[in-house]
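**Q** Dropping the sequence and predicted coords here.
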Number of protein chains: 2
Amino acid sequence: MIDRLIAKIEETQNPTVVGLDPRLSFVPQYIKEEAYSNYGKTPKAAAKAFLEFNKKIIDGIYDIVPAVKPQVAMYEQYGAEGMQAYIDTLQYAKEKGLMVIGDIKRSDITSTAEAYADGHIGKVKVEEESYTVYQQDCITLNPYLGSDSIEPYIGHCKNYDKGLFILVKTSNPNSGEIQDLDVGGEKLYERVGKMVDQWGQSLIGKRGYSAIGAVVGATHPQQAEKLRGIMPKTYFLVPGYGAQGATAKDLKGYFNEDGLGAIINSSRGIIAAHQKQPYQSKFSEKEFYLAAREAALDMKKDLQQIFR
Amino acid sequence: MIDRLIAKIEETQNPTVVGLDPRLSFVPQYIKEEAYSNYGKTPKAAAKAFLEFNKKIIDGIYDIVPAVKPQVAMYEQYGAEGMQAYIDTLQYAKEKGLMVIGDIKRSDITSTAEAYADGHIGKVKVEEESYTVYQQDCITLNPYLGSDSIEPYIGHCKNYDKGLFILVKTSNPNSGEIQDLDVGGEKLYERVGKMVDQWGQSLIGKRGYSAIGAVVGATHPQQAEKLRGIMPKTYFLVPGYGAQGATAKDLKGYFNEDGLGAIINSSRGIIAAHQKQPYQSKFSEKEFYLAAREAALDMKKDLQQIFR
């Protein structure tokens, strides 16, 4: 998985992942109106509008970014129809050649972890038939439950060429309440970083990186630099750029000397670009996917400063 | 929420929650065959079989236990159809008067946490229409991200009379890797316990317990006793009884002097009772829900030892 991700990053010369976290307020009126006229103002209409919106966004960016990261909460809230829109979004992104990171942040144990692993990065069996339900190359996980909550997924990463990004240091303001606690001379997030590094040792790819990555928020550049040292072979998935306040100059320490090691997420900065300047003046609402494309290209340019 | 849960526990004289974590291997052949003949050996068939299985189990136990706890992973793995079976299970359990604990263990921040909160314990809006998508009285959450990952749910608990059970000390063997770390003279799970106690202060019900509860595994009686002292007003949701090895005599310390304060989960010990002795000899496969009933009554009797 990680070699495929790195190949896509190099091909596009762009360490960006586009967060597909739609909200109805982002979706152009013409898409919503069509959905409402077909399905009423229902969760099903919201789900259908999200799928239509996502497809256009993907059409706008699939050749200039390596990956998308749909956030399952945005779909799950609308029930089964929402989950179908999530599943259809994954499939469309895969058809367009994108790497897909499912932002699911699941955490569970034993048979439950196995069920999540089968569904999200493996295959589910119904008697002798087996099915790929969620077409994801990697997923995010929460480590609070310990190794036996992660191991079922690691097995699947080996068997199905998949990857994980495990929450280490998250981008939110209160992330330190638990993650920054001192656990015997180091912070908890550092300890978790070492665990992630350890879990990833058996999954190092040809380029020297592991398929077991870490989520490290863009809002914590100092902590990221420490983590970069602790876990040199771990790819970082970095949320918090743009809307959450981090800028390119904060991000240098997230990368290794080889220019690899991190992929930066932007969600509403790209998918809702049509609602803010300078894009709003340049594109009509119907051209929202072109606004997204330009915002993604601007982000690429911004990130290139890091490597000068 | 917590007063409603306590009322149900007192009405049934039974601090048991039945975990609705179906697997195809638990489902009687006649249910599976009907689903396969209608839908083929597909995820949809698995979902339909789960719903049919759950309804019968609920019919068998709704008058003798206060609550059920469906584990979403078991449904989510089968995609949108699986989620529909989850949603339909929640609805059926509510119709039968049961309290419903959605075991979702979600963890996320800001707008994402809000989306989960709206969907799972609030209402989702589509323009001026609003919908209850998941009919749950409470849900489980993971605390690793800190207060701002929990607060959106606390607001919803107030507005919609709902509750939470937050992971504090989980039942799995490796739970200590992170949860038992020493964080300045106390264990991380104790620190998290104090945070949960704090989060719950504004939601204390008439009986003196908070709507913000804690998940404390049955496999850790000593840690539970410590936590009982730290968080006297917090209800404990206790997994790990039965299949994971804990017995009633391990559970005394999970309860307060008033005989309240804990609700004990059993999943396969009840829902798959028909596959093991002594129930297997007494009930035919078609009577699986009667086996579940008898296992639930046996569990009730077993737990009553605690209060002697």
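**A** Received the coordinates, thanks.
**Q** Write out the residues of the stretch 151-300 of chain A neighbouring chain B.
**A** Counting by Cβ under 8 Å from any Cβ of the partner chain, the stretch 151-300 of chain A comes close to chain B at A:167, A:170-179, A:181-184, A:188, A:191-192, A:195. All C-beta atoms are positioned from the backbone trio N, CA, C, and that covers glycine.
**Q** so of those, which ones are in strands?
**A** Cross-referencing these against strands under DSSP state E gives A:Leu167.
**Q** how close does A:Arg106 sit to A:Glu114?
**A** Using Cβ to Cβ, to the nearest Å, A:Arg106 is found at 12 Å from A:Glu114.
**Q** what do you get for A:Lys162?
**A** Applying Cβ to Cβ to A:Lys162 and A:Glu114 gives a distance of 14 Å.
**Q** now do A:Ser37
**A** From A:Ser37 over to A:Glu114 (counting by Cβ to Cβ), the distance is 43 Å.
**Q** Between those two, which has more neighbouring residues?
**A** A:Glu114 (20 against 9; other Cβ atoms under 10 Å in any protein chain shown).
**Q** Quick one: neighbours of the closest residue to chain B within the stretch 101-250 of chain A, just the number.
**A** In the stretch 101-250 of chain A, the residue that lies nearest chain B is A:Gly119 (3.1 Å; Cβ to the nearest Cβ). A total of 27 residues lie near A:Gly119 under the criterion other Cβ under 10 Å.
**Q** Wait, it touches A:Thr132, no?
**A** No - the criterion here is Cβ atoms under 8 Å, and A:Gly119 misses it with A:Thr132 at 9.2 Å.
**Q** gap between the two ends of stretch A:135-147?
**A** 25 Å (Cα to Cα, to the nearest Å).
**Q** Report the rounded mean pLDDT for that stretch.
**A** For stretch A:135-147, mean pLDDT is 97.
**Q** Helices along chain A, start to end?
**A** A:2-12, A:29-39, A:43-61, A:72-76, A:79-95, A:110-121, A:151-160, A:176-179, A:188-200, A:221-230, A:268-271, A:279-282, A:288-304 (DSSP state H).
**Q** now check the fourth one, is it near chain B?
**A** Yes - under the criterion of Cβ under 8 Å from any Cβ, chain B is reached by helix A:72-76 at A:Ala73, A:Met74, A:Glu76.
**Q** Need the helices of chain A in JSON lines (columns: distance to B:Val17 and mean pLDDT).
**A** Putting the helices of chain A into JSON lines (distance: least, Cβ to Cβ, whole Å; pLDDT from 0 to 100) gives the following:
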{"stretch": "helix A:2-12", "distance to B:Val17": "41", "mean pLDDT": "97"}
{"stretch": "helix A:29-39", "distance to B:Val17": "36", "mean pLDDT": "98"}
{"stretch": "helix A:43-61", "distance to B:Val17": "28", "mean pLDDT": "98"}
{"stretch": "helix A:72-76", "distance to B:Val17": "23", "mean pLDDT": "98"}
{"stretch": "helix A:79-95", "distance to B:Val17": "23", "mean pLDDT": "98"}
{"stretch": "helix A:110-121", "distance to B:Val17": "16", "mean pLDDT": "96"}
{"stretch": "helix A:151-160", "distance to B:Val17": "24", "mean pLDDT": "97"}
{"stretch": "helix A:176-179", "distance to B:Val17": "27", "mean pLDDT": "96"}
{"stretch": "helix A:188-200", "distance to B:Val17": "31", "mean pLDDT": "97"}
{"stretch": "helix A:221-230", "distance to B:Val17": "39", "mean pLDDT": "95"}
{"stretch": "helix A:268-271", "distance to B:Val17": "39", "mean pLDDT": "96"}
{"stretch": "helix A:279-282", "distance to B:Val17": "51", "mean pLDDT": "97"}
{"stretch": "helix A:288-304", "distance to B:Val17": "45", "mean pLDDT": "96"}
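**Q** could those go into JSON lines alongside distance to B:Glu127?
**A** What follows is the helices of chain A, written out as JSON lines (distance: least, Cβ to Cβ, whole Å):
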{"stretch": "helix A:2-12", "distance to B:Glu127": "37"}
{"stretch": "helix A:29-39", "distance to B:Glu127": "7"}
{"stretch": "helix A:43-61", "distance to B:Glu127": "9"}
{"stretch": "helix A:72-76", "distance to B:Glu127": "17"}
{"stretch": "helix A:79-95", "distance to B:Glu127": "16"}
{"stretch": "helix A:110-121", "distance to B:Glu127": "32"}
{"stretch": "helix A:151-160", "distance to B:Glu127": "39"}
{"stretch": "helix A:176-179", "distance to B:Glu127": "37"}
{"stretch": "helix A:188-200", "distance to B:Glu127": "41"}
{"stretch": "helix A:221-230", "distance to B:Glu127": "41"}
{"stretch": "helix A:268-271", "distance to B:Glu127": "20"}
{"stretch": "helix A:279-282", "distance to B:Glu127": "22"}
{"stretch": "helix A:288-304", "distance to B:Glu127": "19"}
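**Q** Tell me which of the ones you listed is the most buried.
**A** helix A:72-76 (a mean of 27; mean count of other Cβ atoms under 10 Å in any protein chain shown).
**Q** That helix - contacts with which helices or strands?
**A** Packing contacts for helix A:72-76, counted by 3 or more Cβ pairs under 8 Å, 6 or more residues apart in numbering or on different chains; DSSP states H and E, involve helix A:43-61, helix A:79-95, strand A:99-106, helix B:110-121.
**Q** got the contact list for that helix?
**A** For helix A:72-76, the surrounding residues in contact (Cβ atoms under 8 Å, 6 or more residues apart in numbering or on different chains) are A:21-23, A:47, A:50, A:82-83, A:85-86, A:89, A:102-104, B:83, B:106, B:108, B:112-113, B:115-116, B:119.
**Q** about what we covered before: B:Lys276: which of the helices of chain A is closest?
**A** B:Lys276 lies closest, by Cβ to Cβ, to one member of these: helix A:110-121, at 16.2 Å.
**Q** packing partners for the closest one?
**A** For helix A:110-121, the packing partners by 3+ Cβ pairs under 8 Å, 6+ apart come out as strand A:99-106, strand A:138-141, helix A:151-160, helix B:72-76.
**Q** Now tabulate the ones you listed in a markdown table and tack on distance to B:Pro221.
**A** Rendered in a markdown table, the data for the helices and strands packed on helix A:110-121 read as follows (distance: least, Cβ to Cβ, whole Å):
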| stretch | distance to B:Pro221 |
| --- | --- |
| strand A:99-106 | 28 |
| strand A:138-141 | 28 |
| helix A:151-160 | 25 |
| helix B:72-76 | 26 |
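**Q** Would you mind telling me which of those is nearest B:Pro152?
**A** Short answer: strand A:99-106, nearest of the helices and strands packed on helix A:110-121 by Cβ to Cβ, at 14.6 Å.
**Q** gap between that closest one and the chain center?
**A** Offset of strand A:99-106 from its chain centre (Cα atoms, centre = their mean, to the nearest Å): 5 Å.
**Q** Specify the angle between that strand and helix A:110-121 in degrees.
**A** 160 degrees (axes from the mean of the first three to the mean of the last three Cα atoms, to 10 degrees).
**Q** report the angle between the axes of strand A:99-106 and helix A:2-12?
**A** 130 degrees.
**Q** Is any residue of strand A:99-106 near chain B?
**A** Yes - for strand A:99-106, a contact with chain B is found by Cβ under 8 Å from any Cβ, at A:Lys105, A:Arg106.
**Q** counting contacts, what elements does that strand pack onto?
**A** So strand A:99-106, by 3+ Cβ pairs under 8 Å, 6+ apart, packs with helix A:2-12, strand A:67-70, helix A:72-76, helix A:79-95, helix A:110-121, strand A:138-141.
**Q** gap between the third one and the chain center?
**A** The one in question is helix A:72-76. Here helix A:72-76 is found 13 Å from its chain centre; the criterion is Cα atoms, centre = their mean.
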